[in-house]
Structure formats: C-alpha cells, structure tokens
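[1] 3D, please:
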Amino acid sequence: MSDYLDPNNEELLKDFFSEAQMQVDTLEQNILVLENEGGNHDAVDEIFRAAHTLKGGSATVEMMELSHFTHLVEDVLDAIRSNQLSINEDVVDTLLAAIDVIKAMLARRMEGSVYQENTSEIEGRLSVLLPEGAGKKKGAATKVAVPKPVAPPPPLPAAPNPPKASSGLTEYEMLELREAVDADMPIYRVSVKFDENGLMNTVGGIQVYASLKSSGTILKTVPNFEALYEDNFFPTVDYYFASRKTVEDIRRYVVIPDVSLSADIINIDNMVEGKAPAAAKPQPVAPQSAAPKPAASAASAAAPKPVSASAAAPKPATAAPKAEGEEAAKIGGAGAADAKKAGKEAGSILRVDSKRIDDLLNLVSETVITKATFNQISNQFSDLLNDLHGLEAAYREKIKGLFDSLPTYLENIQNGKSIKDIRKEINDEYGDIFSLFDGFEASIKNNVGKFRSTSQNLGRITGELQEGVMRIRMVPISQIFSRFPRLVRDLSKSLNKKINLVIEGEDTELDKSVIEDLLDPIMHSVRNSIDHGIESLEDRKAAGKPEEGMVLLKAANEGNMILIEIADDGKGIDVEAVKSKAIERGIISPNKILTDVEAFNLIFEPGFSTAKTITAISGRGVGLDVVRRSIEKLNGTVTVTSEKGKGTKFIIKLPLTLAIIQGLLVRVGTEIYSIPITSVIESLRIKPEDIRMIDNYEVFNIRNDVISLLRLNRLFGIRTEEHQDYNFIVIVGTAEKKMGFMVDSLIGEEDVVIKPLRDQYTNSPGIAGASILGDGSVSLIIDVSQLLELGLHKEMEERRLREASVR
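    Predicted coordinates:
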C-alpha cells in the first residue's frame, strides 16, 4: 500500500502520467463537444469525471499545483453540470485555456520540474464563471455525500468476539500491528480532523497519508486506504503509525494548513496498558506564517493559490514570490529523476483489450500442444531409426548368408540336384529379404505424414500468433484524430474562417510506432487545407459556396495498408501560380510544360510556398516537405489531387506496421537484399541492348515511359557478372517518380522481420535495416526513398561534371 503511494515510485508516476494524459484528452474533446451540443449531459458527466480523477490522482503523487488548479476547473464544470452556468463561446475559450495550463503543468512534471508560471489571470477568469456563493463553499460543490467511516475488518476466527482495546482496535489487530514492526518501535494512533470547507477537503486524507509516510511506516488507516483514495470527505481519519519520531515531530507532518484542523497523537501501547496517553490535547492549525511546513505540503505552498470563486473580477497578474519559486524548485528536484524517467516512459504504455490477450493465451496453449506432438513424432523417428539399424543388420546377415551359400548351391547343382529344388531352397531361406523393409516403409510414411500435418498446424498457429501480437501493438487512429478538433477550432478563429471538421474511420487501427510519427504530417496537411485551401468568408460568398468550409479527415484499411485522406472544399491548387513560383525559384525552366500532376507535386519541394506573406501558420515552405519526408520514412507514399474551385485532397498510404513487412528478395552477386513490396511497381527482364544512354546515365524504355536505371552491384561495390543475356530489373517508386534497380536474379516474396542497424552501420545510405532469413543468412533491407535520392544525386553530379568538362 505504502509503496504504491510513494510519490517517487517510478511505476506509480508512469501510470499517473499515462492516465493524466488520457484524462486531459477527454477533457478537451468533450469541451469541444459541448460547444456544439450544449445540452449533452453525457459529455458534461464525462468532463466532470475526468477532472475529478485528475485532481485526486495529482494529489496522490503530491503534484499539488496541478491538483489545486484542477479543483478550480472542477468547480466550473460542476456549475455547468448543475445548470448554474450555461455554455457559450467565452466559457469554452476559458476552459480550453485552462486545459492548456494543465497540459503545461503535466509537461513540466514529466520533465522533472514544477510549473511556476503565474496562473492568477486564468484562475480569475475561471472564478468569474462561478455562480454567487460558490466561493464560500471552497470546493464543497464537488463534494459527495459524506459516508460513514469504514468499519474495521472482522476479527480473526480464533476469537469471534475479542474485546476492544481503548485504541479502537481489537487485541488481535493490535497484535498484528505489533508483529509487523520491531519490538521496540513505538506505534501511534494519529487521529486527524479535517476541514469540511477546505479547498482540498476530499483529498485531505491522502495528503496527510503522503506526508506521514515520509517519517515512518503507516500500518493501517480507518477508514481504509481504498476509501480514502475514492476521493470522499471524512471528518476524522485514524492513522496507525510506527515511527521513532517524537510526538511533536509527527504533529508537524500531519498539521497541514488549509487541510487539517487538529491532530490527536497517542501511543497505543500506553493505551492498552492503562498508562496515561503519550500525546497532548488536539491542537488547532497554527497560522500559515508561523507553522512549520511539512515535506508533503511544500508543493502545496509552492503552487499558486486558486483565486476565490466569489471574486467579482480577476486580479491583475503579479510575479510569484521568490521563496515560493525556490520551494517549488526543490520539490521538483526531490523526485525529478524518477518523474522525468516516468514521463518519458508514459508514452510507451499500451492499453490492450483483454480479449486480445486471451486469444494469445489460447494460441500459446495450442503451441504447447503442438510442441508435445513434435516431441512425440521426434521419439517415433528415434524408434524408427533404431528399427532401421536392426533391419540393416538383418539385411546384411541375409545377404552375407546368401553369398556364403552360393558355392554350396553350385556344388549341389553339379551333383545333379535340380535347379527347381535349389531355387525353392533359396526362396525359403532368403525370400523375405525383399519385404524386410515393408513395415519400416509404412511406419516412416505414417510418421512423415504426421510431421507434415503438425508442421502445417504450427505454421497456422505461428501466423495467428504473429497477427495476434501485431494486433496488440495496434491502436486506433483516433489517438491522433482526436487532437484535430481543437486545432481546427483555434485556426478557424485566428483566420476568421468558419470550418466544419468531419472525421471518418477513427476506429481504424495501425501500429503504435506508425501512429507516433504520423501526427506531424497529418497536422501539416490539415493546416495547409485550412490556410491555403479554405477561402475567406467573402470569397466563399462570392463563389456561391456556403460560409462554412469543410475539412475531411478519413482513414480506411486497404489490405495490409492504411489510407488517410485529408480533403477540403476550398479553392483548389492554382497550377499557374505554382508554375510561376517554381520558375521564380529556378526549380523548372520557363519553357517547361507541366501536367497538373507534376504541378501538384511541386508543392512538396523544400522551401516551396505560394503564400504571399509569412505568418505563424504558413509561408515558410516547410510544411508539405515535412509531410513527404515523414511519410517516406514510414515506407509510405503521399499524393495530391485537386480541382480548381472544388477543393484539394491529400492521400497518404502507409503500411499497417513497420515491424514485419513483405519484401521481394533479390540477389546481387553473393548478397541477398530485401525490397519492401509496397515500393515495388513491377519486375521484368530486359536485354542489354535495350539499355540506352541519355546525358551519360543509363535508362530503358517501357511502354513509352523512360526510366532511369541504377545498378545495385556498382552502388554497393559488389563484384558480379554484368554481361548476361538478360538483366533483371525491379521498378520501384511511385507513379510520378520511378527508378529501375538492376539485380542478378529474383528470389521471391517473403515476410521480413526488420531489425535495426546499429553502431557503424547506422548511417549506411540506402539501407533501412536487416533481416535474418530462414537459412540463417542476413539480408539487408533497401531503403527505396534513399536510393531514389542517391540515384538523383548521382545523375546531377554526373551532369555537373560533364558540364564542367565541356567548359
């Protein structure tokens, strides 16, 4: 119990950060739902529940600045829940601003420090939203009905009705407490009374628990810890506490300003023996300026005080006192390393449906059965091998006997014995030599059949096991789609546009490693659609369009790939404007004739932007270049289609997972390489005379399409025979950007498990990783996007050298 509550417990912090991020996402999503559906009671309840959980959890791990601030947000949400506050744009703006502060507080804690920015302005805005009189309650609005203290556990069966000691515990319970610590260790009953009108009334018991734990061992609480952790208010809590601290030292830990009213500390050994109590009378809380600050309340002192809910207007922001800032820094340093490590690991936590785990366990049980079957077959093969040795010995004996008898049979024939009789004797004696192995042959065929059947079953189980493990890594794309309603809302307000975000296919699942790298490219695409695609209100009216523009965010599965569409109903891409900008930047020549597809692809060039002014949103030309590079790193592709005046659509195509891919195995010399099948367009073989030279680099023609050729043996420095009757070519890339890789032979398709390269191999150009094949050999996995760039650079370098030689 005490280990779980340890605020420096890395596992506890990791769980808290993961849960807190989910609660913050829930808060933000449902606040946006309320903006459109003010009467959605389910959303209100979900928001309140998330804030309540976040407040209690942060108090548990002694992040008091977060707990205090969330408590004020909870008061506002409670006013909405009780219909004392109606939803409007100002309320939503204030709540979202408060969520941003909570995010910042969490981020600081995850970095191992404490949020020390002044929050009085946002606290004032929140307080103004509260109805009259709410400030007097100091958080009572969120308090649930006060339950009766939890009764102590029933006595042990050995003594059904043991007498109660004056400490409030049975003699047997006290004996258990005494046996849990050293014989000379004092045990105290610390009875703490709490302020019902206190700001943190429902988590006071947890705060005292956390403070007290740092100075000794908490053996028991009444009510029990689970009841305290449920965030209910209890007027009095008894802590049975073992420590060598003095009574006055213990009192300093439990008397916390604004939390506890008084503390009664008694040595239970003295109470049982009838001695005078070791503690003095309960003492009220000393004024905050005079009372010593306990370790657990330091964060509370460091955290900004919430503005009173009865304040008529927010107070002007003032700088935080230096002393409080220093104390906050100390609190951040106490468990900074644990918090920072836990913060980094929080994002690696996967929440998995228990049914998927059950499916894996079923497959594991089938694997165990299959293993037993293989063991049985192996034993049968061993027995058959022994039988074979016996049969071989018998066969040799028969053959030896036959050859040894031949002189005797010849002599009998010479003595006049008929050949028929001799044949009969040989057949009787050695006739079974032809059927000697019949039984063995039948047994070996039967065993081979069992082996083949079991191998097929193992293949099925392995395939399902692989799929099951991959499904565990699968997470819904809603994890990133859910962030865009807030982004679209903020951008539409800053750009003075009306935008309706439509999300489809948010339940589509893909690998968590892909999800983590997918947020930036989708975000850049959405920002591009909002800023460049959707017109201003005046332009939409003039074009006969509704004032509200539409941005579609859609995901769908297509085989073992996932398709993500970002579409808008805006003005589309102006091909002429793109061409003019490309000519201006020297990307194309003025006489170049561009197709629409070629013009669309120019917007992915580094530094390319058609924006006339540079703003915080666009104009620097780094957005869509990031999109393409990020997607190519994920072995995916991005294409764009547009129709002027109708809108633009970005289509991102990605593999579901990066851990296992389908690869085309090719041989170059003695080496085997894997090319991701998603990048392969087709494979063919051509004659050497079909290869042409254009501008000093090799190309070949297929269906009137000229494609550059890259010889992998030359690129990787592998000796091979280049003069062959036919050359095998693998065409890779996209419909707009293709290249042919020349290889010695094609081996076939195979599932490839990607292993990252380390140390000196990490920066090998054109290599994405390695895989171990079925025969134990290593196959390097080709990074197609890098090789395409290498090929392009090679062509440009050769052209530069050629032009230099001409001069």
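[2] Tell me the helices and strands packed up against the helix or strand where V732 lies.
    V732 is part of strand 727-733 when elements are defined by DSSP states H and E. With contacts taken as 3 or more Cβ pairs under 8 Å, 6 or more residues apart in numbering; DSSP states H and E, strand 727-733 sits against strand 660-668, strand 680-686, strand 738-743, strand 745-753, helix 784-806. From N, CA and C alone the C-beta is placed, and that goes for glycine too.
[3] Please identify which of these is closest to I426.
    When these are compared by Cβ to Cβ, strand 745-753 sits nearest I426, at 54.3 Å.
[4] ok and that closest one relative to strand 727-733, angle-wise?
    40 degrees (axes from the mean of the first three to the mean of the last three Cα atoms, to 10 degrees).
[5] Alpha carbons of strand 745-753, in CSV - could you do that?
    Presented in CSV, the C-alpha positions along strand 745-753 are these (Å, rounded to 0.1, in the frame of the first residue of the first chain):
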residue,chain,number,x,y,z
SER,A,745,18.1,-12.6,-60.0
LEU,A,746,14.7,-12.5,-58.3
ILE,A,747,14.2,-15.0,-55.5
GLY,A,748,10.6,-14.3,-54.5
GLU,A,749,8.4,-12.7,-51.9
GLU,A,750,8.8,-13.3,-48.1
ASP,A,751,7.7,-11.9,-44.8
VAL,A,752,10.7,-9.9,-43.5
VAL,A,753,11.2,-9.1,-39.8
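[6] That strand pairs with which strands, parallel or anti?
    Strand 745-753 has the following strand partners under DSSP bridges: strand 660-668 (antiparallel).
[7] what's in contact with the helix or strand following the strand it pairs with?
    Moving toward the C-terminus from strand 660-668, the next helix or strand (DSSP H and E) is strand 671-676. If you take Cβ atoms under 8 Å, 6 or more residues apart in numbering as the criterion, strand 671-676 is touched by 635, 655, 661-667, 712, 716, 718, 730, 732, 741, 743, 747, 750, 752, 768, 771, 773, 777, 779-782, 784.
[8] Stretch 431-447 now?
    By Cβ under 8 Å, 6+ apart, stretch 431-447 touches I377, Q380, F381, L384, D387, L388, L391, A394, Y395, K398, I399, L402.
[9] at 10 Å instead, please
    376-378, 380-381, 383-385, 387-388, 390-392, 394-395, 397-399, 401-402, 424 (Cβ atoms under 10 Å, 6 or more residues apart in numbering).
[10] so how far is it from its chain's centroid?
    Mean-position distance between stretch 431-447 and its chain equals 59 Å (Cα atoms, centre = their mean, to the nearest Å).
[11] and if you look at stretch 205-221?
    Distance, centroid of stretch 205-221 to centroid of chain: 34 Å (Cα atoms, centre = their mean).
[12] and that stretch, which residues are buried?
    Residues of stretch 205-221 classed as buried: 205-213, 215-216, 218-221 (neighbour count, 16 or more other Cβ atoms under 10 Å).
[13] Next, the contact list for K653, please.
    558, 561-564, 631, 634-639, 678, 734.
[14] Mind picking the one among the residues you listed that's closest to K498?
    Nearest to K498 among the contacts of K653, with distances taken as Cβ to Cβ, is I564, at 24.4 Å.
[15] can you map out the helices along the stretch 51-200 of the chain?
    Listed in chain order, the helices of the stretch 51-200 of the chain (DSSP state H, counting those that start in this stretch) span 64-81, 89-110, 120-129, 134-137, 171-179.
[16] ok and the second one relative to helix 64-81, angle-wise?
    If I follow you right, that is helix 89-110. Using the same axes, to 10 degrees: helix 89-110 against helix 64-81 is 160 degrees.
[17] thinking again about what came up before, please list only the buried members of the contacts of strand 671-676.
    Buried among the contacts of strand 671-676 (16+ other Cβ under 10 Å): 635, 655, 661, 663-667, 712, 716, 730, 732, 741, 743, 747, 750, 752, 768, 771, 779-782, 784.
[18] How many residues are close by L656?
    If you count neighbours by other Cβ atoms under 10 Å, L656 ends up with 21.
[19] which ones among the contacts of K653 are found in helices?
    Per DSSP state H, helices hold the following members of the contacts of K653: I631.
[20] Mind putting the contacts of K653 into TSV with pLDDT and distance to E121?
    Formatted as TSV, those follow (pLDDT from 0 to 100; distance: Cβ to Cβ, whole Å):
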residue	pLDDT	distance to E121
E558	79	49
M561	79	48
I562	86	43
L563	89	44
I564	92	39
I631	85	41
L634	81	41
N635	76	47
G636	81	44
T637	82	47
V638	86	42
T639	85	46
T678	81	51
T734	66	51
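[21] of the contacts of K653, closest to D258?
    I564 (50.0 Å).
[22] my guess is that closest one meets I652, correct?
    Yes - I564 is within contact range of I652, at 4.2 Å (criterion: Cβ atoms under 10 Å).
[23] list the residues that contact both of those two?
    With Cβ under 10 Å, 6+ apart as the test, I564 and I652 both reach L518, P521, I522, S525, A555, I631, G636, V638.
[24] related to what we said a few turns ago, most packed of the helices and strands packed on strand 727-733?
    When you average the neighbours per residue for each of the helices and strands packed on strand 727-733 (mean count of other Cβ atoms under 10 Å), strand 738-743 leads with a mean of 23.
[25] Show me what that one is packed against.
    In terms of contacts (3 or more Cβ pairs under 10 Å, 6 or more residues apart in numbering; DSSP states H and E), strand 738-743 is packed against strand 660-668, strand 671-676, strand 680-686, strand 697-702, strand 705-711, helix 712-715, strand 727-733, helix 784-806.
[26] Kindly list the longest helix within this protein.
    helix 354-414.
[27] State the distance from the nearest residue to H71 once chain neighbours are set aside to H68.
    Excluding the flanking residues, the one nearest H71 by Cβ to Cβ, 6 or more residues apart in numbering is K55, at 5.3 Å. Per Cβ to Cβ, to the nearest Å, K55 is found 9 Å from H68.
[28] what's the answer for G468, then?
    Noted for G468: a distance of 45 Å to H68, by Cβ to Cβ.
[29] more neighbours, the two?
    Between G468 and H68, counting by other Cβ under 10 Å, H68 is the more crowded of the two (24 against 18).
[30] I'd say the more buried one and E62 touch.
    No - if you go by Cβ under 10 Å, H68 and E62 don't touch, sitting 11.9 Å apart.
[31] now the helices and strands packed on strand 738-743 as JSON lines including mean pLDDT?
    Below are the helices and strands packed on strand 738-743 laid out as JSON lines (pLDDT from 0 to 100):
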{"stretch": "strand 660-668", "mean pLDDT": "87"}
{"stretch": "strand 671-676", "mean pLDDT": "90"}
{"stretch": "strand 680-686", "mean pLDDT": "90"}
{"stretch": "strand 697-702", "mean pLDDT": "85"}
{"stretch": "strand 705-711", "mean pLDDT": "86"}
{"stretch": "helix 712-715", "mean pLDDT": "84"}
{"stretch": "strand 727-733", "mean pLDDT": "89"}
{"stretch": "helix 784-806", "mean pLDDT": "67"}
